[in-house]
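[1] Turn this into a model:
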Amino acid sequence: MDYIDTKHVAAELKRRLQDAFPGVKFSVRKSTGTASAWISVHWTDGPSTTDAEELTRPMQGSQFNGQEDRYESTGNTVTVTIKGRKVTGSPLVDGIDTHQEVSEDARKAAADLWSDARDGEDPSLHSNGGFHADLVIDGHTIEANYTRTQVLRIALLVILPQRWAAAKEQAA
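    Down below sits the predicted model:
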């Protein structure tokens, strides 16, 4: 069986992410050194981490087994294009880290919802602390936590999914 080098898997993964999520800018980077079989994927707003991981998971050739302190094959195969030729093989990728960033605009919209749920309280007054009870926003329970964490959860659970659904609808 052929093995597909991490750099080729990273290039194919970026293409697949861009095809699946048009309009979202993805940064897909192969790590170096002892982590050279790892790939990092970064993007701002757009699809959820879960949605992105539906595409990243099949691109991983092995995964870490913490009980036995070793990497084990996933059995995955991937087809990539290398110098104009389609090649199928086992990806030489030990792991793919996904990192979704939240834009300031989405954080502001989330802070507005937080404020509405707290009777107009200004979340910026609690930027260095302030632990708050659970609240429910748009059917999502935002668990008790610090203000900054609650605002981020609102962005991830409410604002970004609404915006992503609207973007997909507009594109269709």
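
[2] So which residue is dead centre in the chain?
    The centroid of the chain falls nearest to residue 49 when counting by C-alpha atoms, centre = their mean (3.1 Å).

[3] Now do the phi/psi pair for that one.
    phi -60, psi -40 (degrees, to the nearest 10).

[4] do residue 103 as well
    Dihedral angles (degrees, to the nearest 10) for residue 103: phi -70, psi 160.

[5] Does it touch residue 44 like I think?
    Yes - here residue 103 lies in contact with residue 44, judged by C-beta atoms under 8 Å, at a distance of 5.4 Å. Bear in mind the C-beta positions are built from the backbone N, C-alpha and C, glycine included.

[6] So which other helices or strands are in contact with the helix or strand of the chain with the lowest mean pLDDT?
    Among the helices and strands of the chain, strand 131-132 carries the lowest confidence by mean pLDDT, DSSP states H and E, at a mean of 85. With contacts taken as 3 or more C-beta pairs under 8 Å, 6 or more residues apart in numbering; DSSP states H and E, strand 131-132 sits against strand 145-146.

[7] helices and strands around the strand it packs on, which ones?
    Secondary-structure packing of strand 145-146 (3+ C-beta pairs under 8 Å, 6+ apart): strand 131-132.

[8] After the strand it packs on, heading C-terminal, what element do we hit next?
    Counting by DSSP states H and E, the element after strand 131-132 in chain order, helix or strand, is strand 135-137.

[9] Can you list the strands that that next one pairs with?
    Taking DSSP bridges as the criterion, strand 135-137 forms sheet pairs with strand 140-142 (antiparallel).

[10] Give me the residues contacting the strand it pairs with.
    134, 135, 136, 150, 153, 154, 157, 158 (C-beta atoms under 8 Å, 6 or more residues apart in numbering).

[11] hmm, 6 Å instead?
    By C-beta atoms under 6 Å, 6 or more residues apart in numbering, the list of residues contacting strand 140-142 from outside reads 134, 135, 150, 153, 154, 157, 158.

[12] same deal with stretch 65-80?
    Here stretch 65-80 makes contact (C-beta under 6 Å, 6+ apart) with 4, 8, 12, 58-64, 86-88, 90-91, 94.

[13] Tell me the buried residues within these.
    The neighbour-count criterion (16 or more other C-beta atoms under 10 Å) marks 4, 8, 12, 59, 60, 61, 62, 63, 90, 91, 94 among the contacts of stretch 65-80 as buried.
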